[in-house]
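Novice: have a look; sequence and predicted model below, questions after that.
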Amino acid sequence: MNTTPRCSVAVTAICAAVLAASPRSATAQMPSGASSYSFYLLRGSDTVITERVARSSTALVGEFKDPTGLIVRYAAQLDDSARITAATASATPRGATPRVAQFRFAGDTLEIASLGANGAPAGAETRVAVAHDALLQQNPSVGFMEQMLLRARAMGGGSAVRVPLVFTLGAAQVTATVAFSGADSAVATINGTAMRFALDRAGLIVSGAIPAQGIVISRGPGGAALSSGPPPDYSAPAGAPYTAENVVVHTPDNLRLAGTLTLPNGASASHRVPGVITITGSGPEDRNSGSFALHGWKPFAQIADTLSRRGIAVLRLDDRGVGGSDPGADSPSAIASDMRAAVAYLRSRPEVDASRIALLGHSEGGLVAPMVAATDPSIKAVVLMAAPGEPVLALLKFQQEFGIDSMAHLTGAARVAAFAEAKTATDALIASSPGFAELAQRDPAPLLRSLREPVLILQGDKDYQVPRAQAEKVAALIRSNGNRDVTVRYFPGLNHLFVPGLDKGYDYNALPSLAVPSPVLGSVADWLAAQLR
């Protein structure tokens, strides 16, 4: 459910919250007589999310599991106006310790505290000013969406109920518009994404859909507790001429970032190999650049396999709060700091030649890579895949215009109203989320002009998020300060994901394949092998 407002170079960025409630509190706070049921988020024949829910008039308790095996558990206290007054939440990656947070409303302030395994405070409490009567949301929980609909009904129902929301991820704030049609159906719109629901007499969700994402929501009976299962397998394929080692990178702000380092066979202190660090795009992504909402897209796994077969080590990391990585502030500056720590880690490895390290960034990662290279002149080369050449705010405007004109085909007053709503949503995100504000307003031009390293720019010509013209701007900015070692390669028919695209904009879930084709992988490998030889 792509409604969390941490986003991106992509207006449809794939987002998921990673905080939610401890297993102990999730069972202890549930009063007797509660109703229980399950929700399933389906895309075609695939079950993307399974969620168990139990609720009464005073409590909402549940858990859900995403395709990476992350188990999120939550327990929320409700008042008689369907507001959430407090909540506890935990996220448990496969094979890892739960991360627990507590949320409590005090007037127009949301108090957020991290908890240890014993339930005791584990860090400084954060206080965030929120809209009056803001309702907590845990994306992609259908249970919390159901609570939003119950709150809208308690506010009087009608055709345009505005419900202020604050998300657990980054305390980002937006306003949902809920329109009821009779007592049995409702449409909720968040950040321009419409969600349609069928309701029972109590106002609970019977079924639903998110047409823009190809998601269907189904309700079923309550089920057994979820199990996280074994940790993800990041090992090298059988017979591969390289090894894959799970590693941990420590950041300057004491976070642990989990990742995988692939090392070509024979790499040693006496035979050092070059190295590449991959940098993910917007939204919470794992080390393969995959996410729960786009299961099966693993470009960094493909790139690591291709490069390590060519004698190049590759370090790829889970984003903050994803997989085995600790949660933390999310902004381009924070990600750049993490990548500098990754560079330091790679240079500390005796098998890697510290003088031959390159960066490869996709989308927002293409904004972050120049931030790192600008402060580290010893970086040997930079690969930018679908990187922005102007402030992200301008790209967001382009994406909104494309969606309204070329996807929704709106005209007249409806078009004007859609533009106004999109601008309002963007302004609200900038005002409520410092990380998003930095991303939206950061101008890549000064950083691109500062690059002295050889640069490879890759661009798909069916990219409707960072369009083809951006590659030309990126190249011109780098060359404007005398750097002539700039290579630009365009790929006909490929979209923002560097896979064959459709003429449907951002409908990535309708794509026949999410595998990056060999011409892209070969271009990256050939160019880096030449630069790092």
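Specialist: Arrived safely.
Novice: now do the helices in the stretch 351-500 of the chain.
Specialist: 364-374, 392-402, 412-432, 434-441, 445-450, 468-479 (DSSP state H, counting those that start in this stretch).
Novice: stretch 242-262 - what's its average pLDDT?
Specialist: Looking at stretch 242-262 alone, the average pLDDT works out to 94.
Novice: return the set of buried residues in it.
Specialist: Under the neighbour-count criterion of 16 or more other CB atoms under 10 Å, stretch 242-262 has 242-244, 247, 249, 251, 255, 257-262 buried. The C-beta positions use only the backbone N, C-alpha and C, and glycine is treated the same way.
Novice: show residues contacting that stretch.
Specialist: Stretch 242-262 is contacted from outside by 234-236, 263-265, 287, 304-305, 307-309, 313-318, 320, 323-326, 328, 337-338, 341-342, 345-346, 349, using CB atoms under 8 Å, 6 or more residues apart in numbering.
Novice: go through the helices of the stretch 351-500 of the chain and name the closest to residue 458.
Specialist: Shortest distance between residue 458 and the helices of the stretch 351-500 of the chain, using CB to CB, is found for helix 468-479: 7.8 Å.
Novice: now for the closest one, which elements pack on it?
Specialist: helix 445-450, strand 455-460, strand 486-491 (3 or more CB pairs under 8 Å, 6 or more residues apart in numbering; DSSP states H and E).
Novice: neighbouring strands - and their directions - for the last one?
Specialist: This points to strand 486-491. Applying DSSP bridges to the sheet, strand 486-491 is found paired with strand 455-460 (parallel).
Novice: what angle do the partner strand and helix 364-374 make?
Specialist: 170 degrees (axes from the mean of the first three to the mean of the last three CA atoms, to 10 degrees).
Novice: circling back to that earlier point, tabulate the helices and strands packed on helix 468-479 in JSON lines, adding columns for mean neighbour count, distance to residue 108 and mean pLDDT.
Specialist: Putting the helices and strands packed on helix 468-479 into JSON lines (neighbours: other CB atoms under 10 Å; distance: least, CB to CB, whole Å; pLDDT from 0 to 100) gives the following:
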{"stretch": "helix 445-450", "mean neighbour count": "19", "distance to residue 108": "38", "mean pLDDT": "95"}
{"stretch": "strand 455-460", "mean neighbour count": "24", "distance to residue 108": "45", "mean pLDDT": "97"}
{"stretch": "strand 486-491", "mean neighbour count": "16", "distance to residue 108": "49", "mean pLDDT": "97"}
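Novice: which of these sits closest to residue 37?
Specialist: For residue 37, the closest of these is strand 455-460, at 42.0 Å, according to CB to CB.
Novice: now the closest one against helix 468-479, angle please.
Specialist: Going by the same axes, to 10 degrees, strand 455-460 makes 170 degrees with helix 468-479.
Novice: what residues does strand 455-460 touch?
Specialist: Applying CB under 8 Å, 6+ apart, the contact partners of strand 455-460 are 381-387, 466, 468, 470-471, 474-475, 478, 483, 485-491, 493-496, 498, 501, 520, 523-524, 527-528.
Novice: do the same with stretch 144-157
Specialist: 1, 53, 55, 60, 74, 76, 78, 81-84, 135-138, 161, 163, 165, 176, 178, 180, 186, 188, 195, 197, 199, 203-205.
Novice: in PyMOL, how would I select the buried members of those?
Specialist: Here is the PyMOL command that selects the buried residues among the contacts of stretch 144-157 (16+ other CB under 10 Å):
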select buried, resi 1+53+55+60+74+76+78+82+83+84+135+136+137+138+161+163+165+176+178+180+186+188+195+197+199+203+204+205
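Novice: assign residue 276 to helix, strand or coil.
Specialist: The three-state label given to residue 276 by DSSP: H, G, I helix; E, B strand; the rest coil is strand.
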